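Engineer: Please work out how this folds:
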Amino acid sequence: MSTKRHILVIRLSAMGDVAMTVPIITAVLKQNPTIKITVLTRAFFKPMFSQLANTDVFEADVKGRHKGVLGLWKLYTELKQLGITEVADLHNVLRSTILKTYFSWGSMPFIQIDKGRKEKKNLTRLASKTLRPLKTTPERYADVFRKLGLTVNLSKEAVLQREKLSDKVLELVGNHPNKWIGIAPFAAFSGKMYPLELMEKVLEEVNNTSPHTILLFGGGEIEKKQLEIWATKFSSCTNMAGVLPFTDELALISNLDVMLAMDSGNAHLAALYGIPTITLWGVTHPYAGFAPFGQEVSNCLLSDIKEYPFIPTSVYGNKFPAGYEKVMHTIAPTDVTQKIFELLVKTE
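Structural biologist: Okay, the predicted model is just below:
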């Protein structure tokens, strides 16, 4: 075993969850500067870690050479050659538990995240709900490192630096003094996506109030078509969906003045760079611990819990009872635009 501590950090997906590991790893490295970290994740997420010192990214090819039990054994043998001394499993899923079994044969320290599944079940149940803030995901990540004996104090300062924009990005967006507002209107599940007709009202008001540059983010063909409709309709809007490689998209996000997003990955990407980030919440709730890192609580705009007392009905937004399809209609477009303008003033 190497005398230098070399920690394998496991977090395979999803984008927002992977993004939330970055400020924690940043804090770990700043407060424990002699250690080395290797992050096991999808190759696509590698650009998120480009600013971190003493950090490598190892691709988990779970749909290819690392697929299945035999593939995970191959992954284990590849990782073993790196001189890993201990493992911080920030995912705690079947794949990482199988890896834990393999690593245990060498008596390697292997700490898995406590996801608080029982607490989250209590938070999201419809009857006898216990509505209270749970430990945040970043703190749960930090606890894994603390159990490995490391110092981890989290702060808002643990964010990445603004990235330099490429010529391609500047050509698409322009280099002018307008405020840059990012808007990511989509989410994986309908239960946490602001209605498109209300989002259009937000876009209309922002478009008609002072010169702004509104950059629309999303992915998938249906999303691209909707963003293109808005980009055509509103002069301040530019559709960025599918236009840039992920590295350039991250750089663009890092240069925003404000980001508006759902409870989704784009919110967490903006928070990585300390961008003031507004999030809109439907049947999910920040109490589950997934609010963007380092953001003010007031930046979370919530659906009306008095009118819809079962909120949150799920952690991921995929489950809600009949009658809860329109919870986000209780977030007025004027409240959203007011928050955007409020944060823009603060950036001046």
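
Engineer: When you work out contacts or count neighbours from here on, use the C-alpha atoms and nothing else.
Structural biologist: Will do.

Engineer: Run through this protein and note the low-pLDDT ranges.
Structural biologist: Along the chain, segments meeting pLDDT under 70 span 1-3.

Engineer: ranges for the helices of it?
Structural biologist: 15-19, 21-31, 68-80, 94-104, 117-124, 137-147, 167-173, 196-207, 221-233, 246-254, 265-272, 333-346 (DSSP state H).

Engineer: Quick check: buried residues in the third one?
Structural biologist: Neighbour counts using 16 or more other C-alpha atoms under 10 Å place 71, 72, 73, 75, 76, 79 of helix 68-80 among the buried residues.

Engineer: Would you reformat those as CSV and include distance to residue 29?
Structural biologist: Listed next are these as CSV, based on distance: C-alpha to C-alpha, whole Å:
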residue, distance to residue 29
71, 30
72, 28
73, 29
75, 25
76, 24
79, 21
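
Engineer: Most tightly packed of the helices of the chain?
Structural biologist: Among the helices of the chain, the stretch with the highest mean neighbour count (mean count of other C-alpha atoms under 10 Å) is helix 265-272, at a mean of 27.

Engineer: Need the residues that contact stretch 229-245.
Structural biologist: 169, 173, 200, 203-204, 207, 211-220, 223-224, 227-228 (C-alpha atoms under 8 Å, 6 or more residues apart in numbering).

Engineer: same thing but 7 Å
Structural biologist: 207, 212, 213, 214, 215, 216, 217, 218, 219, 224, 227, 228 (C-alpha atoms under 7 Å, 6 or more residues apart in numbering).

Engineer: and what of stretch 184-194?
Structural biologist: With C-alpha under 7 Å, 6+ apart as the criterion, stretch 184-194 contacts 216-218, 260-264, 266, 281-284, 317-318, 325, 328.

Engineer: How far off centre is that stretch?
Structural biologist: 14 Å (C-alpha atoms, centre = their mean, to the nearest Å).

Engineer: Restricting to C-alpha, output that stretch in CSV.
Structural biologist: The C-alpha coordinates for stretch 184-194 follow below in CSV (Å, rounded to 0.1, in the frame of the first residue of the first chain):
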residue,chain,number,x,y,z
ALA,A,184,-33.0,25.8,-18.1
PRO,A,185,-36.8,25.1,-18.2
PHE,A,186,-36.8,21.3,-18.3
ALA,A,187,-36.6,18.5,-15.8
ALA,A,188,-36.5,14.7,-15.9
PHE,A,189,-40.0,14.5,-14.5
SER,A,190,-43.2,16.6,-15.0
GLY,A,191,-43.7,16.9,-11.3
LYS,A,192,-40.8,19.4,-11.0
MET,A,193,-41.1,21.2,-14.4
TYR,A,194,-42.6,24.7,-14.6
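
Engineer: Return the set of buried residues in it.
Structural biologist: Neighbour counts over stretch 184-194 (16+ other C-alpha under 10 Å) mark 184, 185, 186, 187, 190, 191, 192, 193, 194 as buried.

Engineer: Filter these down to just the ones in strands.
Structural biologist: Using DSSP state E, the members of the buried residues of stretch 184-194 that fall in strands are residue 184.

Engineer: Return the member of the buried residues of stretch 184-194 nearest to residue 110.
Structural biologist: residue 187 (33.0 Å; C-alpha to C-alpha).

Engineer: how far away is the closest one from residue 284?
Structural biologist: 12 Å (C-alpha to C-alpha, to the nearest Å).

Engineer: so what sits against both of those two?
Structural biologist: Common contacts of residue 187 and residue 284 (C-alpha under 7 Å, 6+ apart): none found.

Engineer: Can you tell me how far residue 318 is from residue 190?
Structural biologist: Taking C-alpha to C-alpha, one finds residue 318 at 7 Å from residue 190.

Engineer: Which members of the contacts of stretch 184-194 occur in strands, if any?
Structural biologist: Going by DSSP E, the strands hold 216, 260, 261, 262, 281 from these.

Engineer: Ranking by neighbours, what's the top pick from those?
Structural biologist: residue 281 (28 neighbours; other C-alpha atoms under 10 Å).

Engineer: If you drop the residues flanking it in sequence, what lies closest to that one?
Structural biologist: Leaving aside its sequence neighbours, residue 281 sits nearest to residue 302 (C-alpha to C-alpha, 6 or more residues apart in numbering; 4.9 Å).
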